[in-house]
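Enquirer: generate coordinates for the sequence data below:
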Amino acid sequence: MRIAIVSVSVLAVVAGAAAVLGAGSAAAQPLDQLDEARLAIPLDHTLTTALAGGPIPAVVTMFVPPNRIGAGLKSDSEIYRDDRGAVHATLRQVVLEAAGHPDGTVTVYLNAPGTRNGRVLDVYQHWN
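Expert: Numbering: from 1, shown residues only. As a prediction, the model looks like this:
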C-alpha cells in the first residue's frame, strides 16, 4: 500500500512539474502506455535542462528510494554501470548528462505499483 501512495505522489510531483515547466508544451504531455502499465512524460531539451537544474530530482529522491528508480542510459553514457547492469548515479546525474548534450532529452516513466521489479520511476536518456 505504501508503494502505491508513493507512486501516486511521484506521479503528481513529476506530472505537475512538467506541466508547470512546459506551460502546456506538447513536449511535456504525458503519454499513457497502459499496455506496459506506465505513464511516459517526454521532455524536450529545454525542459530536460530545467529539470536537471531544479529541485525536482532532490524532492523525488526524498520520497523514492534509489533502488526504486531505474535509468535507461545511452550506449555512450559516461555514467558507471556495473557488470550486473546496475547504474551508479543519482537521478540528477542521469538528467544532467542528457541536458549536457545539445539535443539531449529524457523521458520520465511513472510505473504502476508492483510492476517493473518494484521500480516507481524510470528515466531514459536520448541524444544523437
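Enquirer: so the most far-flung residue of the chain relative to its centre: helix, strand or coil?
Expert: Here the chain reaches farthest from its C-alpha mean at Asp83, the gap being 22.7 Å by CA atoms, centre = their mean. Following DSSP: H, G, I helix; E, B strand; the rest coil, Asp83 is assigned to coil.
Enquirer: torsion angles phi and psi at Val41?
Expert: Quick fix: residue 41 reads Ile, not Val. In terms of degrees, to the nearest 10, the main-chain angles of Ile41 are phi -120, psi 100.
Enquirer: just to check, it is in contact with Thr105?
Expert: No. In this structure Ile41 lies outside contact range of Thr105 using CB atoms under 8 Å: 11.1 Å. Every C-beta, even on glycine, is put in place using the N, C-alpha and C of the backbone.
Enquirer: state the number of residues packed around Thr90.
Expert: A count of neighbours around Thr90, defined by other CB atoms under 10 Å, yields 16.
Enquirer: same check on Arg84?
Expert: Counted with other CB under 10 Å, the burial measure for Arg84 works out to 5 neighbours.
Enquirer: just confirm Leu96 is within a strand.
Expert: No. Going by three-state DSSP, the assignment for Leu96 is helix, not a strand.
Enquirer: for Gly118, which non-adjacent residue is spatially closest?
Expert: Excluding its sequence neighbours, the residue lying closest to Gly118 (CB to CB, 6 or more residues apart in numbering) is Arg68, at 6.3 Å.
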